[in-house]
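J.: here are the coordinates; sequence isn't available:
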DNA sequence: CTGCATCCACTTTGATACTG
DNA sequence: CAGTATCAAAGTGGATGCAG
């Protein structure tokens, strides 16, 4: 076997072979919020050992999930970005994140809020219905971090860093550290923010990003009822030893 | 730190702390298809070491994902089942499985098809629209394996093992080993099956379970366009050393 | 038989130091 | 900036043992 495989013809097993190693999906999450360099990742993923980061990046590149790009002109150096295959992990990443969000004991003190988690939360809570026809762009600044959300005719583009086009409205939330999404949205909802730009877009923002109650999930993906309790009448159990 | 934590206030990180260890999600997948005993799991997950299985089961129980039940009457012994928190992983499991399915090189020879992967595939491809108002039950038999799908007024219940109520139609597909979902559905679509019961329900079956092209995903969960290429003009980058 | 616990070789991580 | 190198600790895989 090439490398730690499960040997099952099952999409889940395959997925775990590709992105199931420790730190792998967190790297993907980072790059989902914006392409970044090795040192950006080291910083954002605080705690990841350097050798593990470089190993994962190689594996993810090998697997066609991450792309190594050589940055041009002013920046130079290596920039890592997701391939299309990598982008398409977003559905799964969001599903896992919604599930995990519902399973925090409390707001752990000392836990950092990764900027990329806010970006994912924006994408997870974006309401296509409510955004129909909307075109606007926002930049959110808090505790030295910046992220943006650009809605173009109802389509969302969001990520870490300043808005590419220059935002219609900049929302600044005072905080010592990057706040969790719910707190950020609460502050915005309560107007505990500083605005710069088209202030009327604050309301639009609140309309378009609707925090679902943590862990809730779109209706067409609700879990099905569990299979029944029993292992089946003994006589009817699936025959052993195949055949 | 209690045990291998990431220390990030991020749903994804939390999810990975709880179900990110090797084999954990595969155990969840098995129990999603039906509750089972230790030895069932050992058999279905062929390859898992016994100590790893028992360690994972303890961790998953500790995390409130798996429940240990003492089976009564004829069976006796321990049966493992998912709690509600465990069930609610299904969205994420399906999302990962769809992604992974699109990333098989070919049908790997020698790879077993886990019965539970077929159950997940049924649930993933169930079309609520098409199933509106339908009430019917099917049992599928192939290569000694049995699974069922019960649709009650448009609601799906499915799992490994025989249909709890006695199926309206039994579909038997001849095969040496459990076939991958696409092959199974192709055989059914082509009528290369043996039927027993209300034969007219074969068409209903094909209408209600519509294999999406592997990796495709409901529209409201499409990935958003990637954030732009660059790390941003150097001067505007997020300030280091926290603001 | 089920449901593990133990032992051991091997691999992967984590932490840190160091280099082109 | 973008990694290697090194080493200890933890986790995994495989085999085996054993009680209820």
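T.: Sure thing, it's come through. Quantities reported herein were computed from a predicted structural model and do not represent experimental measurements.

J.: what about the helices in chain A?
T.: Assigned by DSSP state H, chain A shows helices spanning A:11-19, A:24-33, A:38-44, A:50-62, A:84-87, A:90-101, A:115-125, A:181-189, A:201-208.

J.: Let me have those in TSV, extended by distance to chain B.
T.: Just so you know, the C-beta spots here come from the backbone N, C-alpha and C atoms, and that holds for glycine as well. Putting the helices of chain A into TSV (distance: least, CB to the nearest CB, whole Å) gives the following:
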stretch	distance to chain B
helix A:11-19	3
helix A:24-33	6
helix A:38-44	7
helix A:50-62	12
helix A:84-87	5
helix A:90-101	3
helix A:115-125	4
helix A:181-189	9
helix A:201-208	13
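
J.: Make TSV out of the ones you listed and add mean pLDDT.
T.: Output for these, formatted as TSV (pLDDT from 0 to 100):
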stretch	mean pLDDT
helix A:11-19	97
helix A:24-33	98
helix A:38-44	97
helix A:50-62	98
helix A:84-87	98
helix A:90-101	97
helix A:115-125	97
helix A:181-189	93
helix A:201-208	95
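
J.: Serialize those helices to CSV and add fields for mean neighbour count and distance to DNA strand D.
T.: Listed next are these as CSV, based on neighbours: other CB atoms under 10 Å in any protein chain shown; distance: least, CB to the nearest atom of the strand, whole Å:
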stretch, mean neighbour count, distance to DNA strand D
helix A:11-19, 25, 11
helix A:24-33, 26, 12
helix A:38-44, 17, 4
helix A:50-62, 16, 4
helix A:84-87, 18, 16
helix A:90-101, 26, 18
helix A:115-125, 24, 17
helix A:181-189, 18, 27
helix A:201-208, 17, 32
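
J.: Tabulate these (JSON lines), appending distance to DNA strand C.
T.: Shown next, in JSON lines, are the helices of chain A (distance: least, CB to the nearest atom of the strand, whole Å):
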{"stretch": "helix A:11-19", "distance to DNA strand C": "11"}
{"stretch": "helix A:24-33", "distance to DNA strand C": "8"}
{"stretch": "helix A:38-44", "distance to DNA strand C": "9"}
{"stretch": "helix A:50-62", "distance to DNA strand C": "4"}
{"stretch": "helix A:84-87", "distance to DNA strand C": "18"}
{"stretch": "helix A:90-101", "distance to DNA strand C": "17"}
{"stretch": "helix A:115-125", "distance to DNA strand C": "18"}
{"stretch": "helix A:181-189", "distance to DNA strand C": "25"}
{"stretch": "helix A:201-208", "distance to DNA strand C": "37"}
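
J.: Out of the ones you listed, flag the one nearest residue B:95.
T.: Checking the helices of chain A against residue B:95 by CB to CB gives helix A:90-101 as the closest, at 3.8 Å.

J.: so what does the closest one touch, helix or strand wise?
T.: Judged by 3 or more CB pairs under 8 Å, 6 or more residues apart in numbering or on different chains; DSSP states H and E, helix A:90-101 is in contact with helix A:24-33, helix A:115-125, helix B:11-19, helix B:90-101.

J.: With residue A:149 as the reference, name the closest of those.
T.: Between these, helix A:115-125 lies closest to residue A:149; by CB to CB that is 5.6 Å.

J.: Could you find the residue nearest the spatial middle of chain A?
T.: residue A:120 (3.3 Å; CA atoms, centre = their mean).

J.: Quick check: which of the helices of chain A is nearest to residue B:184?
T.: helix A:11-19 (14.4 Å).

J.: ok, and what's touching that closest one?
T.: A:4-7, A:24-25, A:28, A:60, A:63, A:65, A:89, A:92, B:22, B:25-26, B:29, B:93, B:96-104, B:114, B:117, B:120, B:214 (CB atoms under 8 Å, 6 or more residues apart in numbering or on different chains).

J.: at 7 Å what do you get?
T.: A:5-6, A:25, A:28, A:63, A:65, A:89, B:25-26, B:29, B:93, B:96-101, B:103-104, B:117 (CB atoms under 7 Å, 6 or more residues apart in numbering or on different chains).

J.: rewinding a little: I'd like the helices and strands packed on helix A:90-101 laid out as JSON lines, including distance to residue B:142.
T.: Below are the helices and strands packed on helix A:90-101 laid out as JSON lines (distance: least, CB to CB, whole Å):
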{"stretch": "helix A:24-33", "distance to residue B:142": "34"}
{"stretch": "helix A:115-125", "distance to residue B:142": "38"}
{"stretch": "helix B:11-19", "distance to residue B:142": "29"}
{"stretch": "helix B:90-101", "distance to residue B:142": "19"}
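
J.: was I right about the residue nearest to the centre of chain A contacting residue A:94?
T.: Yes: between residue A:120 and residue A:94 there is a contact at 6.2 Å, judged by CB atoms under 7 Å.

J.: pLDDT at the closest residue in space to residue A:208 that isn't next to it in sequence, what is it?
T.: With CB to CB, 6 or more residues apart in numbering or on different chains as the criterion, residue A:208 has its nearest non-adjacent residue at 4.7 Å, and that residue is residue A:131. For residue A:131, the pLDDT comes out at 96.

J.: Next one: residue A:131 from residue B:182, what distance?
T.: Between residue A:131 and residue B:182 the distance is 35 Å, computed by CB to CB, to the nearest Å.

J.: contacting residues around residue A:94?
T.: A:120, A:123-124.

J.: typed the wrong thing, it's residue A:172
T.: Applying CB under 7 Å, 6+ apart, the residues near residue A:172 are A:141-142, A:193-194.

J.: I'd like the list of these that fall within strands, please.
T.: A:141-142, A:194 (DSSP state E).

J.: can you narrow those to ones near DNA strand C?
T.: Contacts with DNA strand C within the ones in strands among the contacts of residue A:172, as defined by CB under 7 Å from any atom of the strand: none are present.

J.: now, among those, which is nearest to residue B:168?
T.: residue A:142 (57.5 Å).

J.: ok and the residue in chain A nearest DNA strand C?
T.: Nearest residue of chain A to DNA strand C (CB to the nearest atom of the strand) works out as residue A:49 at 3.5 Å.

J.: excluding its backbone neighbours, what's nearest residue A:194?
T.: Among residues not flanking residue A:194 along the chain, residue A:172 sits closest, at 4.2 Å (CB to CB, 6+ apart).

J.: Against residue B:36, how distant is the one you found?
T.: For residue A:172 relative to residue B:36 (CB to CB), the value is 53 Å.

J.: among the ones in strands among the contacts of residue A:172, who's most crowded?
T.: residue A:142 (24 neighbours; other CB atoms under 10 Å in any protein chain shown).

J.: just checking, it touches residue A:173?
T.: Yes: between residue A:142 and residue A:173 there is a contact under CB under 7 Å: 4.2 Å.

J.: Pull up the overlap in contacts between these two.
T.: A:179, A:184.

J.: show me what contacts the residue nearest to the centre of chain A?
T.: A:29, A:32, A:93-94, A:97.
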